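Enquirer: pasting the sequence and the predicted model now:
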Amino acid sequence: MKATVDLGKTLERQPVRSSWWASPLRYLEKEGFLGYALIAPAGVLILGLVAYPFLVALGFAVSDKIVGKAGHFVGLQNFVALLQWPVFVQTVLNSFTFTFFALLLKVGLGMALALLMQHIVWGKNFFRGAVLLPFIVPTALSTVAWWKMLDPQYNIFNWIGMHLGLFTQGPNWLGDPFWAKVSVILVNAWRGTPFFAISILAGLVAIPQDLYDAAKVDGAGALSRFRHVTLPLIKPILSVVMLVSIIFTFADFDIVYVLTRGGPTNSTHLFATLAYQTGLASSKLGEGAAIALFLFPVLVVTVIVQLHFIRKGTDE
Amino acid sequence: MQTNDHLPMLPTPVSRRRVLRTAAGATAGGLAGILLSKTPPLYAATRTVTMLTWNHFVASSDEYLRQMAKDFGKENKCQVKIDFIPHRDTYVKVAKEQETREGHDITFLFFSKPQLHHEDLETLGFMDDLDKKLGGWYDLIREVDQVDGRWVAMPFFYSCMPMTYREDLYQQAGLQAPKTWEEWKDSGKKLKEATGKKAGIALNQTEDANISLYAILWSYGASTADKERRVIINSPETRKAMEYMKELYQTTMTDEVLSWDDASNNQAFLGGEYSWVHNAVSIYFVAKEKVPDIFKVTNHTLTPHGPGGQHGTAIPFNYGVWKFAKEKELAMQFLQYMMEPKRYEEIFHATLAFNAPPFKNGEQFDWNSDPKTAILKDYAKTAHMIGWPAPPDRKAEQMRSEWIVPNMFTYYCTGRKSLDEAVSWGEAELQRIYSAKA
């Protein structure tokens, strides 16, 4: 209220000078206009960097576009062809397996880490900072380190295992389809866990201590305090974090590209790496765009469902 | 409490407006200044040619390239700016440059890539002059760098893929350097049993796998498609080649090769654990620089013979000039400068023949200066582009970048598909590629 009064007074005191460019500037005095003016740059960025490429990709996906050549409209032909291509079907399965297990690990480990960090007293800031490291280091860089560690010649896991007498020959981490899947999932979980841990920790810290005290008075043990107090209260945060993570995990590229390039025998290809191989390495932009967009409807449904639950959660 | 009646509680609209006004004024002033001055900034006064290339496996080649750029710049009062990136990132970079019509003046075109990007590649008129000057390009080079008789790219060099083997181990076992794939398998098996040293050919989604496995296919009389681009992979010859590879894998290798990339066999051989690998002479070069013990005992033979003859895979390294390049003339001059014979032969020796000349005058180079790479002189006679006998076109490139042949072999060698299943899988993939319209 006070601000509005001040504003009126100031305007009275200092009338706008009548130069040719002053009158458009008068619009800036209007909060409604200024608000839109201030978010306009962000809007332009979104239109230019998200909406425009998306529309172009949509156009490519329904065309026989090849790098450097004009494409022709082919309807849904690319999508139909993809469904008949065993490598693509394999990629769809890979992507779902990858996302499901990576997410499972990230939720589990992130939760455990957050609970641990909440109870750390000594060196609290150091540990909270250190936990974030995998998330901060550029993925391409940290994945190269993983690639060296998983390499058959320098594999440190097999070396340790063999020296501890656990096995005589460890698994072929990047050369066997099963272990290659395990490898990319583990590295993704390693990188993504800090995001979960820190977000969940933020949720945990916000839970009032009274609730735990009250639960304790009612005789609730540690496990039921977690189930009935902690879990319901961090559910909204957990849902948002999972939503974001699902989208990013499905769209992962770096880890697979650095570790396996989609191999062995296409067993770790994700949508992004297959789209890259088809659209850019083979120059078939149309087919590549179709691969990249195939997931779009799935993600839209995921987002709608998740947001619905989040809204329901907060309404309660 | 301090009195602050004279200070506004909130920022006033005046200050907001003042900020905007100042900003607008500054921008207008700056633009006006630039528009009025009309003097080109100093850094734009020299012309600059930009070039994209790969990180050469043999460092001395890149050193020469940098030196040539410097010298050319001095002689022509310009700058040559070269960007070096890993070879497998070049494909996408080049595609991106063509699609956005923005990028380097000179672009790097590995394998048959000139055939993929030719629409936007400038005609290199000087290639016919170089043809005369250098004693003629090899036929294979015409297949790769010409489209309908138009030169769209220039090969700087090609690289050979010989057998790289440990002479000392073979001598100790009383074995001669083998000549056929069968003999390499048998001797490799003997050496593995006697010394534990392995043999290696990558069975993974990597360039080396394509290069080696095509050579094996051809040596057994098989191929992916014929001259008319008809898929012919489903043949008894393919089955023989795959059976050979499976036995080779089981008797001389370990599952390490299933996750190898293009650098792995180098490291493996230099580590001393291998009796032979199929690779370019980059191993020999690095051994000379860093692992003298291995260098002394390393030798090469040409890609072995098989029932279908002796065949090697050609690996040309080409450069083209974009039609949308800003400095076309200078770019073309620099390309010709790179082929200047005297320095060219120096590079050939400095890279230990990794940079092999794609023209006939190169046969007069002193190949015998290093007896261990002298045999490479004949490599070009046995070499074909991936996809041969089908032309090295878009289809061949797609087949190569989608790892069809390596995966077909890997399925069978690891026992995850039977021979018939693996061949059928490969045939279906090739049909998909070859039956597509574009």
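Expert: Great, that's in hand. Residues are numbered from 1 along each chain as shown, chains lettered A, B, ... in the order given.
Enquirer: pLDDT below threshold where in chain A?
Expert: Filtered on pLDDT under 70, chain A yields the residue ranges A:1-25, A:313-316.
Enquirer: does residue B:402 touch residue B:430 like I think?
Expert: No: counting by CB atoms under 8 Å, residue B:402 does not reach residue B:430; the two are 9.9 Å apart. C-beta: built from backbone N, CA, C; applies to glycine.
Enquirer: dump stretch B:426-433 to PDB, restricted to CA.
Expert: What follows is stretch B:426-433, C-alpha atoms only, in PDB (Å, rounded to 0.1, in the frame of the first residue of the first chain):
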ATOM      1  CA  GLY B 426      23.200 -58.900 -40.900                       C
ATOM      2  CA  GLU B 427      21.300 -59.500 -44.200                       C
ATOM      3  CA  ALA B 428      18.200 -57.800 -42.800                       C
ATOM      4  CA  GLU B 429      20.100 -54.800 -41.600                       C
ATOM      5  CA  LEU B 430      21.900 -54.500 -45.000                       C
ATOM      6  CA  GLN B 431      18.600 -54.900 -46.900                       C
ATOM      7  CA  ARG B 432      17.100 -52.100 -44.800                       C
ATOM      8  CA  ILE B 433      20.000 -49.800 -45.800                       C
END
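Enquirer: which residues sit against that stretch?
Expert: A:85-87, B:224-225, B:231, B:233-234, B:238, B:395, B:398-399, B:402, B:404-405, B:407-408 (CB atoms under 8 Å, 6 or more residues apart in numbering or on different chains).
Enquirer: then stretch B:215-231?
Expert: B:161, B:181, B:232-233, B:235, B:237-238, B:240-241, B:244-245, B:278, B:303-313, B:384, B:387-391, B:395, B:399, B:404-405, B:427, B:430-431, B:434.
Enquirer: how about 7 Å then?
Expert: Contacts to stretch B:215-231, defined as CB atoms under 7 Å, 6 or more residues apart in numbering or on different chains, come from residues B:161, B:181, B:232-233, B:235, B:237-238, B:240-241, B:244-245, B:303-313, B:384, B:387-390, B:395, B:399, B:405, B:427, B:430-431, B:434.
Enquirer: so who does residue 264 touch?
Expert: Went with chain A since none was named. Residues near residue A:264 by CB under 7 Å, 6+ apart: A:175, A:177, A:180, B:204, B:258-259, B:410.
Enquirer: meant chain B actually
Expert: residue B:202.
Enquirer: and the pLDDT for it?
Expert: pLDDT, residue B:264: 92.
Enquirer: number of nearby residues for residue B:416?
Expert: Counted with other CB atoms under 10 Å in any protein chain shown, residues neighbouring residue B:416 total 15.
Enquirer: how about it, secondary structure?
Expert: Applying DSSP: H, G, I helix; E, B strand; the rest coil to residue B:416 yields a three-state assignment of coil.
Enquirer: and the pLDDT for it?
Expert: Residue B:416 is assigned 96 on the pLDDT scale.
Enquirer: please apply the same query to the one 4 residues further on.
Expert: Residue B:420 carries a pLDDT value of 98.
Enquirer: then the one 4 residues further on?
Expert: According to the prediction, residue B:424 has pLDDT 98.
Enquirer: which secondary structure state is assigned to the residue of the stretch 101-250 of chain B found nearest chain A?
Expert: Proximity of the stretch 101-250 of chain B to chain A (CB to the nearest CB) peaks at residue B:205, 3.6 Å away. Here residue B:205 takes the coil state, with states given by three-state DSSP.
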